[in-house]
Structure formats: C-alpha cells, structure tokens
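# Coordinates for the following, if possible.
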Amino acid sequence: MKKNKTIYWITTILAMLTGASTAFMYFTSPKFIEGYRHLGYPDYFRIELGIAKIIGMMIILLPMVPARVKEWAYVGFGITFISGIISHGIVDGPSVAFFPVIPLVFLIVSYIYFHKTKTATLS
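As a prediction, the model looks like this:
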C-alpha cells in the first residue's frame, strides 16, 4: 500500500510539474504566447487552457476532492497532452511532439496508481 501511494504521489507531482505548471507561463511568458500563435491557436484558447490547467492541477493535487471529479481532471489533462503531441507534430515535427509525451506518461501512471490506492482503501 505504501509503495502504491509513493508511486502515485511521485508520478502525480511529476505530471503536474512537467505538464500543468506551464499554465502559469501562458499568462506571463512571451515565448509561450508566441508559441500559441505559432501553432495557429487564437489567443483566447491560451487563456482558457491556462485557467483549466490551474483548476485541474488543484483538483488532482487536493486529496479532499471526490474521485469522480478527479477522473474528469485526468481526462482533461489526457486530452490536453494528446492534443499537444498532435499540434506540435503537425506544425513542428516529431522531435518537438515528443515533449508532451513525458507528462502524458506520468499522468497515465498516476491514474493507474490513483485507482490502486483507492481500491486498497476500500478493501
């Protein structure tokens, strides 16, 4: 049980640090703002995605949030990371498209161990 919780928290924190923490840069970094323009997305989408990532990060990291709500946050991040892979792959090529794969892998492992820790608590 302790091993499962450790894996869950490490991968969850890594997923949030590598994938979700960029949300703050969507509002402050000229490099990130230009990156969205480069991909062809409208400016409002960058703002929406930044807000959604911040909310999703809180939902996943706060333990008192119900599991059903966390499920939706995982789905949202999964869609976001897969969309990033596709967008960067089409516009910038496979070498840049690889970067969103890293938080996606962390997210998948986090999700698996989220359920393992929930199942262990119910038993």
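# going forward, measure contacts and count neighbours with C-alpha atoms only.
Noted.
# who's in contact with the spatially most central residue of the chain?
Residue closest to the average C-alpha location in the chain (CA atoms, centre = their mean): F77, at 4.0 Å. Going by CA atoms under 8 Å, 6 or more residues apart in numbering, F77 touches 53, 56, 107.
# which helix of the chain spans the most residues?
helix 67-91 (DSSP state H).
# What is the neighbour count of M57?
Neighbour count for M57, taken as other CA atoms under 10 Å: 24.
# what's the answer for R37, then?
By other CA under 10 Å, 12 other residues sit near R37.
# CA-only coordinates of the helix or strand hosting G35 in PDB, if you can.
Secondary structure assignment for G35, by DSSP states H and E: helix 30-39. The C-alpha trace of helix 30-39 is given here as PDB (Å, rounded to 0.1, in the frame of the first residue of the first chain):
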ATOM      1  CA  PRO A  30       6.200  36.000 -24.300                       C
ATOM      2  CA  LYS A  31       7.800  32.800 -25.500                       C
ATOM      3  CA  PHE A  32       4.700  30.700 -24.600                       C
ATOM      4  CA  ILE A  33       2.300  33.400 -26.000                       C
ATOM      5  CA  GLU A  34       4.200  33.400 -29.300                       C
ATOM      6  CA  GLY A  35       4.200  29.600 -29.200                       C
ATOM      7  CA  TYR A  36       0.400  29.500 -29.300                       C
ATOM      8  CA  ARG A  37       0.300  31.900 -32.200                       C
ATOM      9  CA  HIS A  38       2.900  29.700 -34.000                       C
ATOM     10  CA  LEU A  39       0.600  26.700 -33.600                       C
END
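# No further questions, thank you.
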